[in-house]
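Peer 1: Sequence and predicted structure below; questions after.
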Amino acid sequence: MAYVANPRIGAVLVTVVTAKYSSRLLKCPPYRRHGGLEQRVSGTQDESGSGKRRSVSISFIEQFLRQGQQGRLAALLVGKLDAFNRIATTFGRERCEEFCSNYTEKLRDILPPRTPIIRLSDRRFAVLLDCDSMSKVLDHAVSLTEDHQPEIAIGDDKLFVDVTLGIAVYPSHADDAETLFRRAELAQKEAREKELAFDIYRPDATQQQAALWKFESDLQGAVQRRELEVYFQPKVEIATRRVCGVEALVRWRSPSGAFIPASEFIPMAERTGTIVPITWLVFDQVAARVAEWDAIQRPFSLAVNVSPPILVHSEFSTRIKALKAALDEHGFGLTIEITEDSLVQGDQSALAGIERLRKLGVDFALDDFGKGYSSLSYLKELPATELKIDKRFIGTIATDTTDREIVKTVVALARALGMRVVAEGIDNAEALAIVTELGCEMAQGFFIGRPMRGDLVPAWIDRYLASASSVSLKVMTPWAEPAVR
């Protein structure tokens, strides 16, 4: 029998903190209630206190499992209140802690009498259920996440807060308390990543998480050893056939020599925070590379991709000024690219960061336009100088009249807002001819040039300019470089 959790639309995603990072959580004494007896177990905020807290919780779960009746299910639900930081920032840490504490108390009224409740931290809790069927366990999960969704009162208004649950059942999923607890935590993490209200442990999830953990560790090691490389993809002005710049693209080569797609490791880096050292690594490599490009004709701009949270990082101002100074020294311009969907999901602080960049003389490009929300009201607020149309529209522009009309409309909109338009994903001559006809100023894609090592860029430009004297743009004889997007 399959059990499907109800999807939660628009859930606030918060990185699940594993036991390795548990000392970073604010600790409150865990709350236990069993058999009508309420107890608080003292704990401290250091690593040893965290270990003691977990040990006490595991012991309590073990006792509950031993007291279970034959033929009944013992279910462990591990829950986490979302938007903890948002509540703390908006209403203060005290109000946030009060809300979390009150919610733990309210669980008494939601759950059956004498249900054991364990408070694991400010925003994390566990519930132990004794049920006769899996459907009853799921009924309680629905009750907690939907029927009795937690809310915080602000005057006469009520703001709802999501809670995400992970479920593991004894003895189906584990035959001891430690394993049961770990697998309920794993299910809770899976629920968050899949944006579900709750999820049930699956045996294959352990292997998947182990593989993900190894992948994350491999990436962190590669960053620390500075094994990531920066490749550069050319961008041309269609009217003049001039190479007007390049986009810096980070590449990760595995020990086997194969490239790992950025689409696989960048999202994980953003979730784990590894995106910060990766961004600084890209900045450093770009700054070092331009010193070798004196032969490149100016004006010439380098575009660097930045995740919105980086804009408000404490080191960003210093780092971006250093990069800008290095490019200015050699007469190159700097453009920061941010994807449309990530920026729309950001906050006003990201917009303020972009405004500061513009005052420094840094151009701003809205990347992958059309892939995400395409909010016109939001677009009006952005101080963008460049708009890059997502390649999903360009790839089918020769055969799909709807995509052609969309590109035509976007070009007109960008011009009205004073932005230059770049067509991404130009992979054939027909697509290039159409975007030229529609009025795109610049083009980028495999038909023009694949991402290449920095030492190959000057020679590629020379060869390209020699071949671009014909009536139309021509594809170059491919370099012996990997075709990695």
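Peer 2: Looks like it arrived, so ask away.
Peer 1: okay, now residue 317: neighbour count?
Peer 2: For residue 317, the count of nearby residues is 15 (other CB atoms under 10 Å). All C-beta atoms are positioned from the backbone trio N, CA, C, and that covers glycine.
Peer 1: Thought residue 356 was touching it, still the case?
Peer 2: Yes - counting by CB atoms under 8 Å, residue 356 is a contact partner of residue 317 at 7.4 Å.
Peer 1: the strands in the stretch 301-450 of the chain, which residues?
Peer 2: All strands of the stretch 301-450 of the chain, identified by DSSP state E, counting those that start in this stretch, fall at 301-305, 333-339, 363-369, 386-389, 420-423, 442-443.
Peer 1: Paired strands for the third one, with orientation please.
Peer 2: Using DSSP bridges, the strands paired with strand 363-369 are strand 333-339 (parallel), strand 386-389 (parallel).
Peer 1: quick one: contacts of the longest one?
Peer 2: When you say that, I think you mean strand 333-339. 245, 247, 299-308, 311, 320, 323-324, 327, 350, 354, 357, 361-368, 371-372, 385-386, 388 (CB atoms under 8 Å, 6 or more residues apart in numbering).
Peer 1: ok, now with 7 Å
Peer 2: 299, 301-306, 308, 323-324, 327, 357, 362-368, 386 (CB atoms under 7 Å, 6 or more residues apart in numbering).
Peer 1: which of the strands paired with strand 363-369 sits most buried?
Peer 2: strand 386-389 (a mean of 26; mean count of other CB atoms under 10 Å).
Peer 1: Just the CA atoms of it, as PDB, please.
Peer 2: The C-alpha trace of strand 386-389 is given here as PDB (Å, rounded to 0.1, in the frame of the first residue of the first chain):
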ATOM      1  CA  GLU A 386      20.700  43.200 -19.600                       C
ATOM      2  CA  LEU A 387      18.100  40.600 -19.900                       C
ATOM      3  CA  LYS A 388      19.000  37.000 -21.000                       C
ATOM      4  CA  ILE A 389      16.100  35.100 -22.600                       C
END
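Peer 1: Against residue 303, how distant is residue 168?
Peer 2: Counting by CB to CB, to the nearest Å, the gap from residue 168 to residue 303 is 46 Å.
Peer 1: cool, residue 219 as well?
Peer 2: 23 Å.
Peer 1: what about the helix or strand containing residue 77, average pLDDT?
Peer 2: In the assignment (DSSP states H and E), residue 77 maps to strand 73-81. Across strand 73-81, the average pLDDT comes to 92.
Peer 1: Over to stretch 241-258?
Peer 2: Stretch 241-258 carries an average pLDDT of 91.
Peer 1: you'd agree residue 457 is up against residue 232?
Peer 2: Yes - shown here, residue 457 and residue 232 form a contact pair, counting by CB atoms under 7 Å, at 5.4 Å.
Peer 1: Which residues are in contact with each of those two?
Peer 2: Common neighbours of residue 457 and residue 232 are listed as residue 246 (criterion: CB under 7 Å, 6+ apart).
Peer 1: picking that back up, let me have the strands of the stretch 301-450 of the chain in TSV, adding distance to residue 159 as columns.
Peer 2: TSV is the format used below for the strands of the stretch 301-450 of the chain (distance: least, CB to CB, whole Å):
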stretch	distance to residue 159
strand 301-305	34
strand 333-339	29
strand 363-369	31
strand 386-389	35
strand 420-423	40
strand 442-443	44
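Peer 1: Residue 191 is nearest to which of the ones you listed?
Peer 2: Closest to residue 191 of the strands of the stretch 301-450 of the chain, according to CB to CB: strand 333-339, at 25.5 Å.
Peer 1: Output that closest one as PDB, nothing but the C-alphas.
Peer 2: The C-alpha trace of strand 333-339 is given here as PDB (Å, rounded to 0.1, in the frame of the first residue of the first chain):
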ATOM      1  CA  GLY A 333      33.800  45.600 -17.600                       C
ATOM      2  CA  LEU A 334      32.000  43.600 -15.000                       C
ATOM      3  CA  THR A 335      28.500  42.200 -15.100                       C
ATOM      4  CA  ILE A 336      26.800  40.200 -12.400                       C
ATOM      5  CA  GLU A 337      24.200  37.700 -13.500                       C
ATOM      6  CA  ILE A 338      21.400  36.500 -11.200                       C
ATOM      7  CA  THR A 339      18.700  34.100 -12.300                       C
END
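Peer 1: who's in contact with the longest helix along the chain?
Peer 2: Identified as the longest helix of the chain according to DSSP state H is helix 203-224. Residues outside helix 203-224 that contact it (CB under 7 Å, 6+ apart): 186-187, 190, 228, 252, 265, 268-269, 272, 274, 277-278, 281.
Peer 1: measure the residue lying closest to residue 388 once chain neighbours are set aside to residue 222 for me?
Peer 2: Of all residues not flanking residue 388 in the chain, residue 422 sits nearest, at 4.4 Å (CB to CB, 6 or more residues apart in numbering). In this view, residue 422 and residue 222 are 30 Å apart by CB to CB.
Peer 1: Check residue 296 too.
Peer 2: Using CB to CB, residue 296 is found at 29 Å from residue 222.
Peer 1: Identify whichever of the strands paired with strand 363-369 lies nearest to residue 402.
Peer 2: Proximity to residue 402, assessed across the strands paired with strand 363-369 by CB to CB, is greatest for strand 386-389 (14.0 Å).
Peer 1: circling back to that earlier point, just want to know which of residue 422 and residue 222 has more residues nearby.
Peer 2: For residue 422 versus residue 222, the count of surrounding residues by other CB under 10 Å is larger for residue 422: 30 against 20.
Peer 1: ok, now which ones touch the more buried one?
Peer 2: So residue 422 contacts 235, 386, 388, 440, 442, 444 (CB under 7 Å, 6+ apart).
Peer 1: Let me know the pLDDT of the residue lying closest to the fourth one once chain neighbours are set aside.
Peer 2: Counting by CB to CB, 6+ apart, residue 440 lies nearest to residue 423, which is 4.4 Å off, once chain neighbours are set aside. What the model reports for residue 423 is a pLDDT of 95.
Peer 1: Make sure residue 423 is actually in contact with residue 436.
Peer 2: No - taking contacts as CB under 7 Å, residue 423 lies outside contact range of residue 436: 8.8 Å.
Peer 1: Which one's more surrounded, those two?
Peer 2: Shown here are residue 423 and residue 436; by other CB under 10 Å, residue 423 has more neighbours (28 against 17).
Peer 1: re the thing from before, right, so of the strands paired with strand 363-369, which gets closest to residue 178?
Peer 2: Among those, strand 333-339 sits nearest to residue 178 (CB to CB), with 41.2 Å.
Peer 1: distance between the closest one and the chain's centre?
Peer 2: 19 Å (CA atoms, centre = their mean, to the nearest Å).
Peer 1: Kindly report the same for stretch 241-251.
Peer 2: The answer for stretch 241-251 is 24 Å, by CA atoms, centre = their mean.
Peer 1: So which residues make contact with it?
Peer 2: Defining contact as CB under 7 Å, 6+ apart, one finds that stretch 241-251 is touched by 228-237, 259, 262, 278, 282, 286, 300-304, 442, 444, 451, 457, 461, 464, 468, 473, 484.
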